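[1] okay, here's the prediction I keep looking at, along with the sequence it came from:
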Amino acid sequence: MLCALATLLLICLGGVVTSKGVGMAVPDWPTSFGYNMFWLPLDKWWGIGGIHDEHLHRLVASTVGALVVVLAVWAQLKEPRRWVRNLAWIGVVMVLIQGLLGGLRVMLDQKEFLASTLGVWFGIAHATLGQVFFSTLSLIAFVLSPTWHQFQVATEVRSHLSVDRWLPWIVGLILVQLMVAATMRHQHAPLAIPDFPLAYGQIWPDTDPATISTINARRIDPMNERDLVALHIHLQMVHRLIAVALVTLVMGVSWVLMKQGGLLGRLGRLWIGLLLIQFCLGAATVWTNKSADVATAHVAVGAISLMMGILLTVASRMRCEVRISKVSPCSRAKDFLKPASPTVAAEGGAR
Amino acid sequence: MKNCLSLLAIAAIGSTFSTLTAADITGKVTLKGTPPAEKEITAFKTDKNCGAAATGSVMSRNYVASKDGGLANVFVYVKKGLEGKKFDAATESLKIDQVACMYEPYIAGVMVGQKVEIKNSDPFMHNVLASSKVKNPTFNIAQTRQGQVDSKSFTTPETFVTLQCNVHPWMFSYIGVVDHPFFAVTDKDGKFKLSSKLPAGKYTLEFIHRKAGTFTQEVEVADGAAKEVALTVDAK
């Protein structure tokens, strides 16, 4: 849980860095202005514009890395379920790759690659992997928690299987949405569409060269002087469409889950709540001209929404395995459960 | 010795002739209509260093125009008409300063290979991130000391190489890079003057304003004659 919370904090700090456009404020990596990152004197970074945000992000990232290694070692020594141990080590691999991506994003910022720069591509990968990493750690925290062990398998058996089939697809769509969002953010473009729910007063805005030229001529943003291109507007429109689709899908699925009650019902209620908050934060991001705090909250709730979808998918998958076995938990479902848990063992044995 | 003196004399005559046959192009760019209002850079209020360094409110500078509409910060250069001619890079440096958390100048021009000296006049750190959309060298340097100067140069014509500070992300400067010395940036009254060594001939001038757009004008200059160019652009 500590790892997951620290990672959420890290995602927020990363969101601030990208929202403010200060990712290059510390030009070197893994050193910071030639210093060992951990020994950069406080007066050289604390409270100093973009250096503060970027350097703090690096320090918290290092702390998260250390925490995940501790978690993996602990899991290796204490955790009986092999898949949980493996998940913890996958977390270690992810945090290493994530750190490397962050460093490469700084070091290769201006190198051209695939119609953009490596800085942009590494930034997109860094942002996306960060969200998946958070979900991975949250899943570990979830399966280690008392809630998981008190999961009432018996009450979930008569659930609606069609809903279960939707869950992985919705999670996939959330991931696509986060990748679109990461692409939007790491283009470091200004706010592509300044109004919502319409777009430049239209349902679908014009993006011909003359219109884009006029938009750029009229747009005054002291914090971001980059020009817009049609791609930026298209990306935001796709982001909006996916958002509507996700809210609709999650409302439908959560409604079914809520009717079922139990843990899944509670998670479903939380999920739809998160999606609605996320939708409002998306609108607020537009209305506040990408205010750094609102945009960062939007990033954070996006990460939590993905995590919630993954938890639901895993939990419902275990329930499906139970349902298929009809009379007793199948071996796979047993594997999900911690053998040492007397409550679960008793429930499994009762069926 | 006699031959040497003859050569020097020929060179001197050639130089004089060159001066006589070169033409001056001067002009003015005028903005017609009302551009969008500039905005205050409110980040100065929250950044203690920059807030202390600046005096009063600091505004964005997308459209800087005089009372009679003279539009500043237009990069003007000869786009066509000099093909096949080679020019040595100017020996003097272009100086870009960071003072009170703003770049000065905002828009500048430089020749390929000409030295660009980037200075930090502030008593705190800036980083200078140079971005190019072509093959110009890019860099990201930290200028930690007041008075620190770093020299760079660019290899390919481009409008514009962008300089930005990420510590203070509202700081931008744009450098037009051309492979000849016939360029200028309009002053606060919208006026400009191209180098007086432009040979007689027909040319296409290009005017680039980051917001108002890109415009061209055909000009023909005669030996030793001055040419006045006027361009009026409409605010979109």
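    Yep, that arrived.

[2] what about the strands in chain A?
    A:112-113, A:116-117 (DSSP state E).

[3] who does the first one pair up with?
    Strand A:112-113 has its sheet partners listed here by DSSP bridges as strand A:116-117 (antiparallel).

[4] mean confidence score for the partner strand?
    Here strand A:116-117 scores 82 as its mean pLDDT.

[5] which residues sit against that strand?
    For strand A:116-117, contacts defined as C-beta atoms under 8 Å, 6 or more residues apart in numbering or on different chains pick out A:108-111, A:187. Just so you know, the C-beta spots here come from the backbone N, C-alpha and C atoms, and that holds for glycine as well.

[6] of these, just say which sits nearest to B:Ser57.
    Nearest to B:Ser57 out of those is A:Gln187 (C-beta to C-beta; 29.9 Å).

[7] ok, that closest one touching A:Gln236?
    No - A:Gln187 is not in contact with A:Gln236 according to C-beta atoms under 8 Å; the separation is 10.6 Å.

[8] residues from chain B in reach of chain A?
    Residues of chain B found near chain A (C-beta under 8 Å from any C-beta of the partner chain) are B:36-41, B:43, B:47-50, B:59-60, B:62, B:124-125, B:127, B:129-132, B:138, B:140-142, B:144, B:166-170, B:172, B:210-213, B:235-236.

[9] out of the contacts of strand A:116-117, which are close to chain B?
    For chain B, the contacts drawn from those by C-beta under 8 Å from any C-beta are A:109-110.

[10] show me just the buried residues among the contacts of strand A:116-117.
    The neighbour count (16 or more other C-beta atoms under 10 Å in any protein chain shown) marks A:109-110, A:187 as buried among those.

[11] now do the helices in chain B.
    B:2-21, B:43-46, B:48-53 (DSSP state H).

[12] quote the end-to-end distance of stretch B:160-173.
    End-to-end distance for stretch B:160-173: 9 Å, by C-alpha to C-alpha, to the nearest Å.

[13] what is the burial count for the nearest residue to A:Val238 once chain neighbours are set aside?
    With C-beta to C-beta, 6 or more residues apart in numbering or on different chains as the criterion, A:Val238 has its nearest non-adjacent residue at 5.8 Å, and that residue is A:Val180. For A:Val180, the tally of surrounding residues (other C-beta atoms under 10 Å in any protein chain shown) stands at 19.

[14] repeat for B:Gly69
    17.

[15] now do the same contact list for it.
    The contact partners of B:Gly69, by C-beta under 8 Å, 6+ apart, come to B:30-32, B:190.

[16] what's near enough to touch B:Glu228?
    Listed by C-beta under 8 Å, 6+ apart, the contact set of B:Glu228 reads B:26-27.

[17] that one and B:His209, how far apart?
    20 Å (C-beta to C-beta, to the nearest Å).

[18] excluding its backbone neighbours, what's nearest the residue in the stretch 51-200 of chain A that chain B sits nearest to?
    Distances between the stretch 51-200 of chain A and chain B by C-beta to the nearest C-beta are smallest at A:Gln110, namely 3.7 Å. Distance criterion C-beta to C-beta, 6+ apart; nearest residue to A:Gln110, sequence neighbours excluded, is B:Thr138 at 3.7 Å.

[19] my read is that B:Lys119 contacts B:Asp97, right?
    Yes - counting by C-beta under 8 Å, B:Lys119 touches B:Asp97, with 4.9 Å between them.

[20] what's the single longest helix in chain A?
    Chain A, longest helix under DSSP H: helix A:292-325.

[21] list the buried residues for stretch A:34-51?
    By 16+ other C-beta under 10 Å, the buried positions in stretch A:34-51 come out as A:37, A:40, A:45, A:48-51.

[22] tell me which two in those are the farthest apart.
    It's A:Met37 and A:Gly49 that sit farthest apart of those, by C-beta to C-beta, at 18.2 Å.

[23] distance of A:Gly261 relative to A:Gly268?
    10 Å.

[24] show me where pLDDT drops low in chain B?
    With pLDDT under 70 as the threshold, chain B has low-confidence stretches at B:1-22.

[25] where along chain A do the helices fall?
    For chain A, helices defined by DSSP H occupy the ranges A:2-20, A:49-78, A:82-107, A:118-144, A:146-149, A:153-156, A:161-186, A:209-218, A:230-260, A:262-287, A:292-325, A:331-336, A:342-350.

[26] of all these, which one is nearest B:Ser196?
    helix A:209-218 (33.0 Å).

[27] can that closest one be said to contact chain B?
    Yes - Helix A:209-218 reaches chain B (C-beta under 8 Å from any C-beta) through A:213-214, A:216-218.
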